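Peer 1: Predicted model follows, preceded by the sequence.
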Amino acid sequence: MNAAAQTRPGRFDNAAIVLEDTAVTYGHGAHATHALTTTSLSLRDGEFVALVGPSGCGKSTILKLAAGLLPASEGYVFVGGREISARAARVGIAFQNATMLPWLSVRDNIMLPLKIVSPFKGDYRAKKNGDYRARADALLAQVGLTGFGDKFPWQLSGGMLQRASLCRALIHEPRVLLLDEPFGALDQFTREELWGILQNLWMDKKPTVLLVTHDLREAAYLASRICIMSPRPGRIVEDRAVEFARPRTVDRTYDNDFVELMQSLRAKITHDGPNAVGSTAA
Amino acid sequence: MKTTLFGPRARQRAASLAFIVGFFLLWEAACVVFSISPFVLPRPSAVLVTLVERFPALMPHIIQTLMTTMVGFAAGVLTGVILGAVVGSSRIAYDTAYPLLVGFSSIPKVAVVPIFVLWFGSGTVPAILTSYVICIFPIVVNVATGLATTSPEQQDVLKALGASRREILFNISLPSAMPYLFAALKVAITLAFVGTVLSETVAANRGIGNVMMIATSNFDVPLVFAGLFLLAVMGVVLYGLFSLLERRICGWASRGADTPLA
């Protein structure tokens, strides 16, 4: 019933992220908690995939696997064609909290990946006041934060911090961008504005994006493919391409075909509830 | 924010100053009104006169106490930071070492002075050791706590970039432990003075503590109070020095205090 379950990495030569029969279990024996039951998922290069599901279904676990922040208990995780061990991915990442370092200016926060990731870190000292600074300022301009580079994180609002967080995730031009409910803590208007900004950033450089969210409208607005997960223990129960033309607008999300898509996806989440998992899978 | 002479900060400072002056005036007045004997509580003006008259003779003792304290403090900071880094580096180390540290810290430091005197004889060495021992604990605890409580999400951002443990230490853990370290330094420097003077009063032939001890046995009460005053001044100056450094190095921690930082 889901196409992703049958994929093998070999079939997708241009796959950016592949999870192959991956499972994550915390603890042992009777106390074991299954954060993620055996799941396969494959993202093509340049694809924007939204992972939607109720809280606790394991969607953040998938993201952490792809980031190399969590080892898989079973199965394999490939990013950029290489199997990743913990802490080796060099991807761009943004969380629900902006997690800016309070002792650095916004610009220095954004330049942090350049200090860590090679080949940038080699000439970080030489370029941090030149090339890299210009690069950070250009990104800040793209998200509407021109002139805020010298401010410190506490001087910015939540929405502004989240914009800066996107800049930090993108500054080293990663081929893979992982977003864990980046707009979850924001008000609706700010959120919708940031959808537009993220869409532009994606259309600009076309990185592979894995967006974890619980907002179906957000998923339908941004993603080129939506994967729906069932409640804990999570499995991917629906894998749907979203083919609306880009750039999409907020107004567009109130059109009939858009609303129909969201309704049919919502039905998937509620139908495949905890009691129905076995029956629908058969 | 207003930065005029009568801005909120200037007014705050004026209030503090007025409070200090008022305190001494009240003390002076109380001595006169209740005609308190100078053998019990000398007037502040008498203390000041003593201080000025005897200053040349007190100078070597001031230097002695200051140097002893600084050496003990410096050694204590060095040891404390290293121990704190080890203890704070992992949950297991933290849980293992903590009970022993609490045990050591709860020993009253007066009790160890005779042991140091027994080992090293009276003089500067036990004074240094006492101030050293007394200021280690707050530093260890604060550095360990600072390192152990770094935000896992901030670490995740770096880990996802492929950062090494060392890069995480230097970019996340150490900077976020700095406010804890400075809080500890301010406590430790005052404690170091306590340690030095404690040891000097018990077993030394130099230093402010020793001067006060001898003055007490001679009923030279104004000199005893002059010694107290000198200790207070030294403590305040060093405390202020570290506050200043703190504001320069990790002002972000206090300036960000009024906004929610996760």
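Peer 2: Looks like it arrived, so ask away. These numbers were taken from a predicted model, which means no experiment stands behind them. Numbering: from 1, shown residues only, chains lettered A, B, ... in the order given.
Peer 1: Now the residue of the stretch 1-150 of chain B found nearest chain A. Its backbone dihedrals?
Peer 2: Going by Cβ to the nearest Cβ, chain A is nearest to B:T150 of the stretch 1-150 of chain B, at 10.3 Å. Using the backbone N, CA and C atoms, a C-beta is placed for each residue, glycine as well. When quoted as degrees, to the nearest 10, the phi and psi of B:T150 stand at phi -70, psi 140.
Peer 1: wait, it sits on B:M178?
Peer 2: No: assessed by Cβ atoms under 8 Å, B:T150 is found out of contact with B:M178, at 11.4 Å.
Peer 1: gap between the least confident helix or strand in chain B by mean pLDDT and the chain center?
Peer 2: Least confident helix or strand, chain B: helix B:91-105 with a mean of 84, by mean pLDDT, DSSP states H and E. Relative to the chain's own centre, helix B:91-105 is displaced by 23 Å; criterion: Cα atoms, centre = their mean, to the nearest Å.
Peer 1: Please work out which residues outside that helix touch it.
Peer 2: B:86-88, B:137, B:140-141, B:144, B:148 (Cβ atoms under 8 Å, 6 or more residues apart in numbering or on different chains).
Peer 1: before we move on, the earlier item: what's the burial count for the residue of the stretch 1-150 of chain B closest to chain A?
Peer 2: 18 (other Cβ atoms under 10 Å in any protein chain shown).
Peer 1: what's near enough to touch it?
Peer 2: Counting by Cβ under 8 Å, 6+ apart, B:T150 touches B:172-173, B:176-177.
Peer 1: do the same with B:E246
Peer 2: Taking Cβ under 8 Å, 6+ apart, we find B:E246 in contact with B:179, B:182, B:185-186.
Peer 1: what is the mean pLDDT for the longest helix along chain A?
Peer 2: If you go by DSSP state H, chain A has its longest helix at helix A:188-205. Averaged across helix A:188-205, pLDDT comes to 90.
Peer 1: buried residues in it?
Peer 2: Under the neighbour-count criterion of 16 or more other Cβ atoms under 10 Å in any protein chain shown, helix A:188-205 has A:190-195, A:198-199, A:201-202 buried.
Peer 1: B:G209 - nearest residue in space that isn't next to it in sequence?
Peer 2: B:E200 (2.7 Å; Cβ to Cβ, 6 or more residues apart in numbering or on different chains).
Peer 1: Tell me which other helices or strands the host helix or strand of B:Q154 touches.
Peer 2: Using DSSP states H and E, B:Q154 falls within helix B:152-159. Secondary-structure packing of helix B:152-159 (3 or more Cβ pairs under 8 Å, 6 or more residues apart in numbering or on different chains; DSSP states H and E): helix A:59-67, helix A:106-116, helix B:165-168.
Peer 1: let's see it at 7 Å
Peer 2: Here helix B:152-159 touches helix B:165-168, going by 3 or more Cβ pairs under 7 Å, 6 or more residues apart in numbering or on different chains; DSSP states H and E.
Peer 1: Residue ranges in the stretch 151-282 of chain A under the pLDDT threshold?
Peer 2: Filtered on pLDDT under 70, the stretch 151-282 of chain A yields the residue ranges A:271-282.
Peer 1: ok, the residue sitting furthest away from the middle of chain A to A:T38 distance?
Peer 2: The outermost residue of chain A relative to its centre, with distances by Cα atoms, centre = their mean, is A:A30 at 32.4 Å. Note on A:A30: its distance to A:T38, by Cβ to Cβ, to the nearest Å, is 20 Å.
Peer 1: go on, A:A164?
Peer 2: A:A164 is 37 Å from A:T38, by Cβ to Cβ.
Peer 1: Between the two, which is the more surrounded one?
Peer 2: Set A:A164 next to A:T38 and count neighbours by other Cβ under 10 Å: A:A164 wins out with 27 against 17.
Peer 1: if I pick that one, what's in contact with it?
Peer 2: Neighbour list for A:A164: A:98, A:100, A:106, A:109-110, A:145, A:156 [criterion: Cβ atoms under 7 Å, 6 or more residues apart in numbering or on different chains].
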